[in-house]
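Trainee: show me the folded form of this:
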Amino acid sequence: MKYQKVLTNSNIQCLICPRECILQDGQRGFCHVRKNDGGKIILDTYGYNTGLAIDPIEKKPLYQFFPTSGILSFGTLGCNMGCRFCQNWQTTKNRSDCKSGNKNTPEEIVQIAKNYNCKSVAFTYNDPIIFFEYAIDTAKLCRQEGIKTVAVTSGYINPDPAKEFYAVMDAANIDLKGFSEEFYAKNCMAHLQPVLDTIKYVCNETDCHVELTTLLIEGQNDNEDMLKRECEWILNNIGDCVPLHFSAFFPNYKMRDTKSTEFSTLIKAYNIAKNSGLKYVYTGNLTNTQTSTTYCKNCAKPIIVRNRYRLLEYNLEQGGMCKFCGTKCDGRFE
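Mentor: Alright, predicted model coming up:
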């Protein structure tokens, strides 16, 4: 395993993510699935997953990456984030036997994707950063077969493994969970800067298509100043054409007493982002046609009209060109 450092007294330090867990023999990292096994870090969940599902690509969410195409999705147990509001905590916080799930080799996953005519395979439900080797091996085989790969991730990864990871990913939805160090420390047991560094790297130095998602929790990360600073950072560091999704929090895990996010809160964030100059802004699990639609960045006419995952109108021509003015829509299209 490349991303490890041998310390004294048989301790091994895992270097995949910024936690850099120091593990004694037999000890597992914060993520639960990476383990010191006799002086070598192994991935206990390699080849195991919590189930396969075929989703619309928009569910990831990716709105500008082969719209309406089918994507084969899977994840494993564990996570390297400590989000108190986790919406998938039944798997990410699961501490049962790492090999208790379904067993599928990378070769089998690729074959299933081919059998069901899936355009892409998604590493999702929990963070693929922690099942790094399983995701990369699968992604390499997918690429050989002309199948795209998608990472749905927090972006909490160290720079060197990030280079290897994103080199084989065709698209990523990266969670920008809030725009303050205080929010990350209090609610995620993590830090903001490594996430920003990952986003900048993937957007500016790779060919990976990127969309961002911020889950809004009222009273935590939805104040106007924080949202304006987030949009300003996006504009100054990765440009105005990276799609940004705002999604609603629902009471879960350690925040069951926190109320669900109102649609009006998403609309407020949507308007702040649009007014800041971002060209592609969406609302997610609470939405309407207006806030699900992709608008041309030049003429502002609706070029992909949706109601959540349902396509109502498609006004792109060959190569993703707006049929009204001929401007290319940023993204990947048939």
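Trainee: from now on I want contacts and neighbour counts done on CA atoms only, so please keep to that.
Mentor: OK.
Trainee: what does the lowest-mean-pLDDT helix or strand in the chain contact?
Mentor: The least trusted helix or strand in the chain, going by mean pLDDT, DSSP states H and E, turns out to be helix 89-92, with a mean of 90. Residues from elsewhere that reach helix 89-92 (CA atoms under 8 Å, 6 or more residues apart in numbering): 50, 76-79, 125-126, 253.
Trainee: ok, these vs Asn271, which is closest?
Mentor: Tyr125 (28.7 Å; CA to CA).
Trainee: that closest one: which element?
Mentor: Under DSSP states H and E, no helix or strand contains Tyr125.
Trainee: in contact with it, which residues?
Mentor: Counting by CA under 8 Å, 6+ apart, the residues that Tyr125 touches are 74-76, 88, 91-92, 152.
Trainee: can we see that at 10 Å?
Mentor: 50-51, 60, 73-79, 87-89, 91-92, 152-153 (CA atoms under 10 Å, 6 or more residues apart in numbering).
Trainee: just the buried residues from those, in PyMOL please.
Mentor: To isolate the buried subset of the contacts of Tyr125 in PyMOL, counting by 16 or more other CA atoms under 10 Å, use the following:
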select buried, resi 50+60+73+74+75+76+77+78+79+89+91+92+152+153
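Trainee: just the contacts of Tyr125: which are in strands?
Mentor: 73-74, 152-153 (DSSP state E).
Trainee: which element is Asp127 on?
Mentor: Using DSSP H and E, Asp127 falls outside every helix and strand.
Trainee: I'd like to know how far the residue nearest to Ser180 when sequence neighbours are not counted sits from Ser276.
Mentor: Counting by CA to CA, 6 or more residues apart in numbering, Ser180 lies nearest to Leu192, which is 6.7 Å off, once chain neighbours are set aside. Separation of Leu192 from Ser276 (CA to CA, to the nearest Å) stands at 21 Å.
Trainee: neighbour count: these two, which is higher?
Mentor: Leu192 (20 against 16; other CA atoms under 10 Å).
Trainee: and the more buried one, what does it touch?
Mentor: 155-156, 176-185.
Trainee: farthest pair within the residues you listed?
Mentor: Gly155 and Glu182 (17.6 Å).
Trainee: which one of those two has more residues nearby?
Mentor: Gly155 (25 against 15).
Trainee: what pLDDT is listed against the residue nearest to that one when sequence neighbours are not counted?
Mentor: In space, and not counting its chain neighbours, Gly155 is closest to Val195: 5.1 Å by CA to CA, 6+ apart. Note on Val195: pLDDT of 98.
Trainee: quick check: phi and psi on Val195?
Mentor: With angles defined as degrees, to the nearest 10, Val195 sits at phi -70, psi -50.
Trainee: now for it, how many residues are close by?
Mentor: Using other CA under 10 Å as the criterion, the residues surrounding Val195 number 21.
Trainee: shouldn't Leu312 be within a helix?
Mentor: No - remark: Leu312 does not belong to a helix; assigned using DSSP: H, G, I helix; E, B strand; the rest coil, it is strand.
Trainee: what residues are up against it?
Mentor: Counting by CA under 10 Å, 6+ apart, the residues that Leu312 touches are 289, 293, 304-306.
Trainee: for Gly146, same thing?
Mentor: Per CA under 10 Å, 6+ apart, neighbours of Gly146: 114, 119-120.
Trainee: please apply the same query to Gln4.
Mentor: So Gln4 contacts 12-16, 20-22, 40-41 (CA under 10 Å, 6+ apart).
Trainee: adding distance to Tyr270 and neighbour count, write those residues out as JSON lines.
Mentor: Shown next, in JSON lines, are the contacts of Gln4 (distance: CA to CA, whole Å; neighbours: other CA atoms under 10 Å):
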{"residue": "Ile12", "distance to Tyr270": "45", "neighbour count": "25"}
{"residue": "Gln13", "distance to Tyr270": "41", "neighbour count": "21"}
{"residue": "Cys14", "distance to Tyr270": "39", "neighbour count": "25"}
{"residue": "Leu15", "distance to Tyr270": "37", "neighbour count": "19"}
{"residue": "Ile16", "distance to Tyr270": "34", "neighbour count": "23"}
{"residue": "Glu20", "distance to Tyr270": "36", "neighbour count": "18"}
{"residue": "Cys21", "distance to Tyr270": "38", "neighbour count": "20"}
{"residue": "Ile22", "distance to Tyr270": "41", "neighbour count": "19"}
{"residue": "Lys40", "distance to Tyr270": "47", "neighbour count": "20"}
{"residue": "Ile41", "distance to Tyr270": "43", "neighbour count": "25"}
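Trainee: can you lay out the residues you listed as JSON lines showing distance to Leu316 and secondary structure?
Mentor: Formatted as JSON lines, the contacts of Gln4 follow (distance: CA to CA, whole Å; DSSP: H, G, I helix; E, B strand; the rest coil):
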{"residue": "Ile12", "distance to Leu316": "52", "secondary structure": "strand"}
{"residue": "Gln13", "distance to Leu316": "49", "secondary structure": "strand"}
{"residue": "Cys14", "distance to Leu316": "46", "secondary structure": "strand"}
{"residue": "Leu15", "distance to Leu316": "43", "secondary structure": "coil"}
{"residue": "Ile16", "distance to Leu316": "40", "secondary structure": "coil"}
{"residue": "Glu20", "distance to Leu316": "45", "secondary structure": "coil"}
{"residue": "Cys21", "distance to Leu316": "47", "secondary structure": "coil"}
{"residue": "Ile22", "distance to Leu316": "51", "secondary structure": "strand"}
{"residue": "Lys40", "distance to Leu316": "51", "secondary structure": "coil"}
{"residue": "Ile41", "distance to Leu316": "48", "secondary structure": "strand"}
